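> Dropping a prediction and its sequence here:
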Amino acid sequence: MQPVKCSMPQRRRVLPSDATSAWAARRFLEEASCPEHMATVLEDAQLLVSELVGNAVRHGLPPIEVAVECVGEKCLEVRVRDTSFATPAVRRAGVEAEDGRGLQLIDLLSSEWGTKTDSFGKTVWFHLDV
């Protein structure tokens, strides 16, 4: 298979800090991402960004921003930023728990993920290999 050549610049959008934000982030990824990369990873990217945005709405502080860009030929990077400095931690949810599995999904489906803090808050990011 030929490597995907992409020079898509970073794209970003500020999201509402309410129940519509996950939908808005999924739609943004569908509209903003390069067709070459997203053809293989769109559904995973939308699932994972929904989890991060949901966490930002529940545990972070507005404004919430989502960004996407192609990194080289083999990787899509998605970032969610908010102005809280609290870093997320993977929880081990019980069998009957209704939440607490978002970061487990990110850990399972992404090639790597992490958190970066700066003087304005934190960014949680993930990579999906294509």
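All right, it came through fine. Residues are numbered from 1 along each chain as shown.
> my guess is D129 meets E112, correct?
No: using C-beta atoms under 8 Å, D129 makes no contact with E112, being 9.2 Å away. Where you see a C-beta, it was placed from the backbone N, CA and C, and this is true even at glycine.
> Quick test: name the residue nearest the centre of this structure.
V49 (3.5 Å; C-alpha atoms, centre = their mean).
> what about that one, which helix or strand?
helix 35-59 (DSSP states H and E).
> So which other helices or strands are in contact with that helix?
Helix 35-59 makes packing contacts with helix 21-32, strand 64-71, strand 75-82, helix 102-109, strand 121-129 when contacts are defined by 3 or more C-beta pairs under 8 Å, 6 or more residues apart in numbering; DSSP states H and E.
> Would you tell me which one of those is buried the most?
strand 75-82 (a mean of 23; mean count of other C-beta atoms under 10 Å).
> where does the chain have low pLDDT?
Scanning the chain for pLDDT under 70 picks out the ranges 1-7, 90-91, 93-101.
> follow-up on the earlier one: TSV please, covering the helices and strands packed on helix 35-59 and showing distance to V57.
Below are the helices and strands packed on helix 35-59 laid out as TSV (distance: least, C-beta to C-beta, whole Å):
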stretch	distance to V57
helix 21-32	5
strand 64-71	7
strand 75-82	9
helix 102-109	12
strand 121-129	13
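> For Q10, give me phi and psi.
phi -60, psi 140 (degrees, to the nearest 10).
> looking at it, it is touching V66, isn't it?
No: using C-beta under 8 Å, Q10 makes no contact with V66, being 11.1 Å away.
> hey, what's the residue nearest to P9 when sequence neighbours are not counted bridged with?
Distances taken as C-beta to C-beta, 6 or more residues apart in numbering put E69 closest to P9, at 6.9 Å, once the chain neighbours are dropped. In this entry, E69 is beta-bridged to E77, by DSSP bridges.
> ok, now which ones touch E69?
8-11, 76-77 (C-beta atoms under 8 Å, 6 or more residues apart in numbering).
> And it, how far from D18?
E69 is 26 Å from D18, where distance means C-beta to C-beta, to the nearest Å.
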